[in-house]
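Chemist: I'd like to go over a predicted model; first the sequence, then the structure.
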Amino acid sequence: MRSQILLALGFAILAAAPARAQDLRDLCAQRPGKATPPCILDAGHLQIEVGLADAVFQRRGGVHEDTYTLGAAELRVGVTPRIELEAGWSPAVIDTVRGGERRTGAGDASFAVLGALTDPDGKGVAVSAQGFVTLPTATHGLGAGGWTGGVRLPIAAPLSDSVSLGLTPEIDLLRDAAGGGVHAAWVGVASLSRAFGPTTLGAELWGEVEDEPAGTIRRASADLTAAVAVGKSLQFDVGANFGLNHATPNAEIYAGIARRF
């Protein structure tokens, strides 16, 4: 019931009147995709980004595990022309193992600060820095298992009027699988996007090296994204991620929406 109420509230917010578009920066959502854009929300405005549905499929060693996340929301608030605050939470997570356990509950919450290192209204290469922390609010077995955090450096470089290159190097501090400690993970994302009017198509390569005490884990995926802008303050998106090695989920598909106020 709690998840249904939160989802209904989210849709009510999305249906509200959008922000006035005059004198605002171009709409720039942090979804779809794994790369983080360096753009900063206008001061005094907020933006909500909701993952309407996300499905992850993993097949390994004869085990079939599917994880579904519904209504994962992120709220972004512009504080100054160069700084924004972000908060996120997943109200409904369903994890199923074929012929085995099924777990249902909420996910972890997160908080982040994003600050521009270059002029947010300038032309050319844009760079920001983001620090984030994840709070252990998830139902047992559905989250990180404790406090985690990290820093990332979103970079965007326009290659032409319609083509853009994105890079997001990142360092995370994760919980040990066995519990009782933490370890580092190194993440990198490279993205290439092309705008066709209100539609933007993108492709990404994502990689992660996790220094787990039991042994180094390497993950990688090739990802495709599509986003369609409706007016100046609304966007719909879809995406698909494809694992490139056995440690990465085989596939992930998702759809979402972003709305600025």
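Modeler: Happy to help now that I have it.
Chemist: tell me the contacts of Phe132?
Modeler: For Phe132, the contact set (C-beta atoms under 8 Å, 6 or more residues apart in numbering) comprises 86, 110-113, 149-152. Using the backbone N, CA and C atoms, a C-beta is placed for each residue, glycine as well.
Chemist: weed out the non-buried ones from these.
Modeler: In terms of neighbour count (16 or more other C-beta atoms under 10 Å), the buried residues within the contacts of Phe132 are 86, 110, 112, 149-150, 152.
Chemist: quick one: which of those residues is nearest to Gly180?
Modeler: Gly149 (17.5 Å; C-beta to C-beta).
Chemist: picking that back up, which one of the buried ones among the contacts of Phe132 is nearest to Leu24?
Modeler: Of the buried ones among the contacts of Phe132, the one sitting nearest to Leu24 (C-beta to C-beta) turns out to be Glu86, at 18.2 Å.
Chemist: apart from its chain neighbours, what residue comes closest to that closest one?
Modeler: Leaving aside its sequence neighbours, Glu86 sits nearest to Ala112 (C-beta to C-beta, 6 or more residues apart in numbering; 4.2 Å).
Chemist: was I right to think that neighbour contacts Gln130?
Modeler: Yes: the criterion here is C-beta atoms under 8 Å, and Ala112 meets it with Gln130 at 5.7 Å.
Chemist: can you list the contacts of Phe132 in JSON lines and add distance to Ile257 and pLDDT?
Modeler: Compiled in JSON lines, the contacts of Phe132 are given as follows (distance: C-beta to C-beta, whole Å; pLDDT from 0 to 100):
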{"residue": "Glu86", "distance to Ile257": "17", "pLDDT": "98"}
{"residue": "Ser110", "distance to Ile257": "19", "pLDDT": "97"}
{"residue": "Phe111", "distance to Ile257": "22", "pLDDT": "98"}
{"residue": "Ala112", "distance to Ile257": "20", "pLDDT": "98"}
{"residue": "Val113", "distance to Ile257": "24", "pLDDT": "98"}
{"residue": "Gly149", "distance to Ile257": "27", "pLDDT": "97"}
{"residue": "Gly150", "distance to Ile257": "26", "pLDDT": "97"}
{"residue": "Val151", "distance to Ile257": "28", "pLDDT": "98"}
{"residue": "Arg152", "distance to Ile257": "23", "pLDDT": "98"}
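Chemist: out of those, name the ones that lie in strands.
Modeler: 86, 110-113, 149-152 (DSSP state E).
Chemist: any chance of CSV for those, columns distance to Gly179?
Modeler: As requested, those are arranged in CSV below (distance: C-beta to C-beta, whole Å):
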residue, distance to Gly179
Glu86, 28
Ser110, 21
Phe111, 23
Ala112, 25
Val113, 28
Gly149, 17
Gly150, 19
Val151, 24
Arg152, 26
